[in-house]
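Chemist: Generate coordinates for the sequence data below:
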Amino acid sequence: MGRQAKESRRGEKITLTLGFTDDEKINGDPNRIYPLIISVIFQKHQVGGYLIDEGNLVDILYENTFEPVGLKREKMKYCFGLEAIGLNGTNARPWGYVTLDVTLGEGAGRRTIEIPFLVILDASTYNCVFGRPTLAALDLVASTVHLKMNYHSIEGEVVTVHTDLNGVRKLYEIP
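Modeler: Model prediction:
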């Protein structure tokens, strides 16, 4: 779990730990069904269907998300001769890569970072995938058991982002 030291109003060092307790489980039970999916601000557009995947070595942007959020192909750097293994185990074709600003959280907890995305030509249930590089850059702790994630704000406060359950249900057509 991530820790960040902060000074109290009296100048004492306090540590804010990122993590979750059993009391924070939805309905008191660990999640065994839903993936951790959030909404973010992406190039000034609200984008849902953003999968948090601690096993992914790269951050991914799918072709079906590229143009609807106003991205121009000229901004992308093309790559040739690469193959990637998709989330479903099939070969995926990288189109190129692009570095974009992504904002998560709201108000004082808002964080904007530049993320280099591998752009994949294949369509996906998800719009984008946060992989290990971004999770590490944000010092982010994710929990599919709790369907939420924590990171530190610029001021050192713990920020919690919850799964977009309505978005998940819509993606998977779950009532």
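Chemist: Buried residues, the lengthiest helix in the chain. List them.
Modeler: Looking across the chain with DSSP state H, the single longest helix is helix 165-172. Of the residues in helix 165-172, 167-168, 171 count as buried by neighbour count, 16 or more other C-beta atoms under 10 Å. Backbone N, C-alpha and C define where each C-beta goes, glycine included.
Chemist: As a markdown table, the residues you listed with distance to Gly131 would be great.
Modeler: As requested, the buried residues of helix 165-172 are exported to a markdown table (distance: C-beta to C-beta, whole Å):
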| residue | distance to Gly131 |
| --- | --- |
| Gly167 | 19 |
| Val168 | 19 |
| Leu171 | 19 |
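Chemist: Out of those, the closest to Ala108 would be?
Modeler: Gly167 (24.1 Å; C-beta to C-beta).
Chemist: Settle this for me: the closest one is touching Leu51, isn't it.
Modeler: No - counting by C-beta atoms under 8 Å, Leu51 is not a contact partner of Gly167; they are 10.7 Å apart.
Chemist: who touches the closest residue to Asn31 other than its chain neighbours in this structure?
Modeler: Spatial nearest neighbour of Asn31, chain neighbours left out: Leu147 (5.1 Å); criterion: C-beta to C-beta, 6 or more residues apart in numbering. Each residue near Leu147 by C-beta atoms under 8 Å, 6 or more residues apart in numbering is listed here: 26, 31, 34, 36, 162-163, 165.
Chemist: Apply the buried test to these and list what passes.
Modeler: The buried subset of these - by 16+ other C-beta under 10 Å - is 31, 34, 36, 163.
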